[in-house]
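J.: Based on what follows, work out the 3D shape:
(one chain, ligands or ions: 2)
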Amino acid sequence: MNDHRDGKIIFVTGKTRSGKTTEIIKRTKSATRLIVWDPKPEFYKLPGFIRVNDTNGLINLLTSGKKHLRIAYVPKVITREQFDFWAGCAYKWGRSRGPCTVIAEETADITSPGKATHWWGQLIRKGLGYGIDIYATTQRPSESDSTALGNASVILCFSLVKTTDRKCMADNLGCQATDIPRKKHEFIEMNMDDGVMKRHNPVLPGLSGQLDKPAPDSLNIQSQTSKTRGNRNVR
Ligand SMILES: Nc1ncnc2c1ncn2[C@@H]1O[C@H](COP(=O)(O)OP(=O)(O)OP(=O)(O)O)[C@@H](O)[C@H]1O
Ligand SMILES: [Mg+2]
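T.: Ligands and ions are numbered 1, 2, ... in the order given. Okay, the predicted model is just below:
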């Protein structure tokens, strides 16, 4: 018997600027153990986040013994290998140190509709049993990893433009392509466990531009090797 609840996969899709990241930030505000694949990068600007740029830095931080961490992993290069390494770290952190929240931003860049990469697959298929909540976002659901979509506990579907993407989401939500939102910031939320669908239209005054502010001084973690090489500011 587990002493924690099962985790959830929250699949979040919508065209660029539709509101995905803003909604995820809102939902994960109180998460004290959080690790983000942050290629854009955006999360590192938010209060309480530690920015990590390389693999050694990430390992050092995760093995530092600190229980409560909000980590934005900003890869220097956006490759499948980097993504899979990050996914492996997130999975092992949740499995060995207790439930955590994992956010993978823009999976279309580093996954495909075929078989998921090794650790991303492990995270999606086994992570929920360790109480891990996984947010996976994509602008292009028809071109992203189908493992996350196929196993989603909740789908948040913002506005989509391409017919293939609208059809893909309609098929997964069990609705018509015409039901998929077109309006900015509007989204459908479908609980895949009970089939209950809600439509949200949250135009929040004052929210616009929240993610576009310049970054405050953020804490940067890099491995000893990169520090000594002097590339401290390399993203
Ligand atoms: N409900 C909302 N009401 C008003 N403004 C919003 C709302 N949601 C998001 N915004 C604003 O819209 C812009 C785009 O939002 P956001 O970055 O969350 O979109 P996104 O879907 O993650 O885009 P991308 O795919 O390019 O990362 C931001 O400036 C954000 O502050
Ligand atoms: Mg975003």
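
J.: what about residue 125, how many neighbours?
T.: Neighbour count for residue 125, taken as other CB atoms under 10 Å: 13. For the C-beta atoms, the positions are set from N, CA and C on the backbone; glycine is no exception.

J.: Am I right that it is in contact with residue 147?
T.: Yes - applying CB atoms under 8 Å as the test, residue 125 and residue 147 come out as touching, 7.2 Å apart.

J.: Could I get the full set of helices for this structure?
T.: 20-27, 55-62, 80-97, 118-126, 146-150, 163-173, 224-229 (DSSP state H).

J.: Out of those helices, name the one with the poorest average pLDDT.
T.: Here the lowest mean pLDDT among the helices of the chain goes to helix 224-229, at a mean of 38.

J.: how close does residue 139 get to residue 174?
T.: Separation of residue 139 from residue 174 (CB to CB, to the nearest Å): 22 Å.

J.: Looking at these two, which has the bigger crowd around it?
T.: For residue 139 versus residue 174, neighbours defined as other CB under 10 Å are more numerous around residue 139 (22 against 11).

J.: That one against residue 108, yeah?
T.: Yes - assessed by CB under 8 Å, residue 139 is found in contact with residue 108 at 6.3 Å.

J.: wait, what's in contact with residue 102?
T.: 34-36, 90, 94, 123, 127, 132-135 (CB atoms under 8 Å, 6 or more residues apart in numbering).

J.: Residues of the chain that sit close to ligand 2?
T.: 20-21 (CB under 5 Å from the ion).

J.: the bottom helix or strand of the chain by mean pLDDT?
T.: Using mean pLDDT, DSSP states H and E, helix 224-229 stands out as the lowest-scoring helix or strand of the chain, at a mean of 38.

J.: residues near the residue of the chain at minimum distance from ligand 2, how many?
T.: Closest residue of the chain to ligand 2, CB to the ion: residue 21 (3.2 Å). Neighbours of residue 21 under the rule other CB under 10 Å: 23.

J.: Return the residues in contact with it.
T.: Here residue 21 is in contact with 40, 42, 105, 137, 211 (CB under 8 Å, 6+ apart).

J.: How many residues are close by the nearest residue to residue 138 once chain neighbours are set aside?
T.: Using CB to CB, 6 or more residues apart in numbering and skipping the chain neighbours, the partner closest in space to residue 138 is residue 144 (4.1 Å). By the criterion of other CB under 10 Å, residue 144 has 26 neighbours.
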